[in-house]
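Novice: this is the structure alone, sequence omitted:
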């Protein structure tokens with residue numbers, strides 16, 4: 001992993017962080033009152049209220065609710081009612097960017113809930129996958145106009161975003177058929193770059209029986225990061241035949257032996273909480289019936305042996321099915337969603353999940369307890385009158401915004417310790433593009449001249465012999481997304497990592513460029529930059545080589561090493577291959593006018 005030298009750091013980063021001419025001061029756009037960021041002490045809780053017939057209860061007021069945290073009553077700061085009749089105030093549209101400029105920041109209106117459907121093939125048999133996709137296709141034919149849905153797929157190697165948020169049913173149906181899906185790349189990259197999980201760590205997960213749980217936890221964590229960029233409530237509808245993890249604090253027990261997993265679990269709980277994400281687990285098996293056993297099916301050849309085998313299988317079936325139902329209800333209860341079990345109406349289950357997640361009340365409060373100790377706090381909500389059912393998230397972990405991430409101290413741990421790095425999933429080809437750190441990338445050919453060797457500090461993970469074209473990447477990001485904790489002198493210290501991966505058409509990682517930067521910023525000036533009326537930027541540049549022949553993709557990432565926030569975006573190299581190379585563009589620019 002390459003580190004930027006002090007002179008280069010002064011040239012690239014310091015002007016962006018410390019020079020007034022390089023910082024853009026803009027008016028902050030209006031945002032809904034219920035927007036929450038991880039570094040504030042405002043807590044948002046969405047509450048779904050239904051009657052005995054599962055119909056939404058409407059027209060309640062703040063005085064109808066009693067809200068407590070760890071048993072202590074809290075004052076409700078803001079209160080909003082949302083209904084399925086809401087529609088986007090402005091149409092969703094992609095930002096208009098100049099050729100060669102790309103961003104990971106999506107452009108969606110802030111009104112109305114978002115619904116993400118996760119097809120969990122990792123934990124679902126093939127026969128149930130087919131049935132599930134058929135049911136979803138039928139639902140999309142009758143989905144209410146304006147319903148915004150995205151589709152993600154989890155298999156045995158990776159999480160892929162098949163379709164971003166759209167209300168176009170044709171695009172959604174095409175995503176279910178697999179059209180336009182990105183080529184595969186492993187969720188655990190073992191070749192080059194910062195996303196590496198060493199083979200001993202992967203083996204450690206297998207020995208502890210946690211490999212599948214860890215893959216699933218990674219996927220839910222990554223979706224939480226991806227959804228963090230969107231305002232308001234998000235409904236994550238999770239189709240699976242098995243749910244190997246939960247989001248309740250009691251569920252952390254089995255993974256206590258591996259601190260990296262423990263921290264990722266806590267982080268995932270908070271991603272669901274802070275970003276208003278409710279989980280709606282749906283049993284992809286549909287209506288499950290107990291298997292039939294007979295004497296004829298017994299290998300013993302006797303009626304008694306058949307009856308005994310049937311009884312044992314039936315008992316095990318009951319145990320497994322009860323555990324499945326418990327896990328699903330546990331997941332839904334922890335996040336304010338609802339579980340759908342033992343139903344062949346998967347099409348109807350999706351509709352009911354979207355309907356339930358579209359009618360809710362948003363309450364906010366500032367905890368009376370200011371203690372920043374790492375502790376799970378429980379939320380309790382009651383109505384002033386009885387006769388209604390409430391669904392809401394049950395708690396969150398307290399975190400100190402100024403504290404370093406727990407995994408940062410584990411990076412030099414021995415090979416027998418599992419370490420967690422959020423970039424491991426953020427940089428996977430075809431995955432969701434997280435925008436916890438929002439940035440633009442200006443990508444151009446550097447000179448347009450073919451080269452026989454890789455650019456300096458590039459690290460090829462394949463036997464590529466060239467020729468290559470060198471590409472220049474200029475990152476421009478929002479400093480507000482970066483956490484800069486104070487050093488012993490009270491001065492803010494910013495630490496970032498910039499990553500560029502090159503994938504081929506088959507999804508294989510073939511080249512990487514990684515740079516880490518760390519700098520101290522003047523305390524008073526940094527405070528001024530964070531004024532709500534300003535949007536200061538940071539800038540950085542990289543160069544990476546791409547083979548001339550073939551189809552390739554760039555996956556670009558930025559990580560805040562102090563907070564673990566990440567941002568990533570992906571683009572086909574063909575999208576910039578015909579643009580004027582940077583060197584030629586500079587050479588053709590008009591010289592500055594001279595003053596007489």
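Specialist: Ah, there it is. The shown structure was predicted, so the numbers you read here are calculated from the model rather than taken from an experiment.
Novice: wait, residue 482 touches residue 496, no?
Specialist: Yes. In terms of Cβ atoms under 8 Å, residue 482 counts as a neighbour of residue 496; the distance is 6.7 Å. C-betas here are computed from N, CA, C, even on glycine.
Novice: return every residue with contacts to both of the two.
Specialist: By Cβ atoms under 8 Å, 6 or more residues apart in numbering, residue 482 and residue 496 have these common neighbours: 538, 560.
Novice: tell me if I'm right that residue 379 and residue 72 touch.
Specialist: No. With contacts counted by Cβ under 8 Å, residue 379 stays clear of residue 72, the gap being 10.9 Å.
Novice: looking at those two, which is more packed in?
Specialist: The residue with more neighbours, out of residue 379 and residue 72, is residue 379; 22 against 12, by other Cβ atoms under 10 Å.
Novice: what about the nearest residue to that one once chain neighbours are set aside, how many residues nearby?
Specialist: In this structure, residue 379 finds its nearest non-sequential neighbour in residue 395, 5.3 Å apart by Cβ to Cβ, 6 or more residues apart in numbering. Look at residue 395: counted by other Cβ under 10 Å, it has 21 neighbours.
Novice: what about the strands in the stretch 401-550 of the chain?
Specialist: For the stretch 401-550 of the chain, the strands defined by DSSP state E, counting those that start in this stretch occupy 439-445, 459-460, 468-478, 493-504, 509-520, 537-547.
Novice: can I get those strands in CSV including mean pLDDT and distance to residue 153?
Specialist: Formatted as CSV, these follow (pLDDT from 0 to 100; distance: least, Cβ to Cβ, whole Å):
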stretch, mean pLDDT, distance to residue 153
strand 439-445, 96, 26
strand 459-460, 90, 29
strand 468-478, 95, 28
strand 493-504, 94, 18
strand 509-520, 92, 20
strand 537-547, 94, 27
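Novice: lowest average confidence, helix or strand, in this structure?
Specialist: helix 6-18 (a mean of 36; mean pLDDT, DSSP states H and E).
Novice: in terms of secondary structure, what does the helix or strand that that helix is followed by contact?
Specialist: Going down the chain from helix 6-18, the next helix or strand is strand 43-50, by DSSP states H and E. Other elements packing on strand 43-50 under the criterion 3 or more Cβ pairs under 8 Å, 6 or more residues apart in numbering; DSSP states H and E are strand 65-69, strand 360-365, strand 376-383, strand 389-391.
Novice: the second one packs against which elements?
Specialist: It stands for strand 360-365. Against strand 360-365 (3+ Cβ pairs under 8 Å, 6+ apart) you get strand 43-50, strand 65-69, strand 78-82.
Novice: tell me which of those strands sits nearest to residue 476.
Specialist: strand 43-50 (29.9 Å; Cβ to Cβ).
Novice: so the nearest residue to residue 397 once chain neighbours are set aside: helix, strand or coil?
Specialist: Distances taken as Cβ to Cβ, 6+ apart place residue 266 nearest to residue 397, at 4.9 Å, with adjacent residues excluded. Residue 266 carries the three-state label helix when classified by DSSP: H, G, I helix; E, B strand; the rest coil.
Novice: neighbours around residue 266, how many?
Specialist: 18.
Novice: that one is in contact with residue 398, isn't it?
Specialist: No. With contacts counted by Cβ under 8 Å, residue 266 stays clear of residue 398, the gap being 10.2 Å.
Novice: what sits in contact with each of the two?
Specialist: Counting by Cβ under 8 Å, 6+ apart, the residues touching both residue 266 and residue 398 are residue 374.
Novice: show me the strands in the stretch 51-200 of the chain, by range?
Specialist: 65-69, 72-73, 78-82, 101-103, 114-120, 149-154, 159-166.
Novice: and residue 154, which of the helices and strands packed on strand 43-50 is closest to it?
Specialist: strand 389-391 (24.5 Å).
Novice: residues making contact with the closest one?
Specialist: So strand 389-391 is contacted by 47-52, 54, 278, 332-333, 336-338, 356, 381-383 (Cβ under 8 Å, 6+ apart).
Novice: how's the chain carved up into domains?
Specialist: 2-28+433-587, 113-181+190-357+359-408 (automatic domain parsing).
Novice: what is the burial count for residue 557?
Specialist: 28.
Novice: can you check residue 106 too?
Specialist: 16.
Novice: wait, isn't it in contact with residue 164?
Specialist: Yes. Counting by Cβ under 8 Å, residue 164 is a contact partner of residue 106 at 7.1 Å.
Novice: sketch out the low-pLDDT regions of the stretch 51-200 of the chain for me.
Specialist: 85-95, 109-111, 178-200 (pLDDT under 70).
Novice: helix, strand, or coil at residue 583?
Specialist: Under three-state DSSP, residue 583 comes out as helix.
Novice: for the nearest residue to residue 41 once chain neighbours are set aside, give me the pLDDT.
Specialist: Nearest non-adjacent residue to residue 41, counting by Cβ to Cβ, 6+ apart: residue 366, 5.7 Å away. Here the pLDDT value assigned to residue 366 is 94.
Novice: distance of residue 366 relative to residue 136?
Specialist: For residue 366, the distance to residue 136 (Cβ to Cβ, to the nearest Å) stands at 40 Å.
Novice: which one's more surrounded, these two?
Specialist: Comparing residue 366 with residue 136 by other Cβ under 10 Å, the one with more neighbours is residue 136, at 23 against 12.
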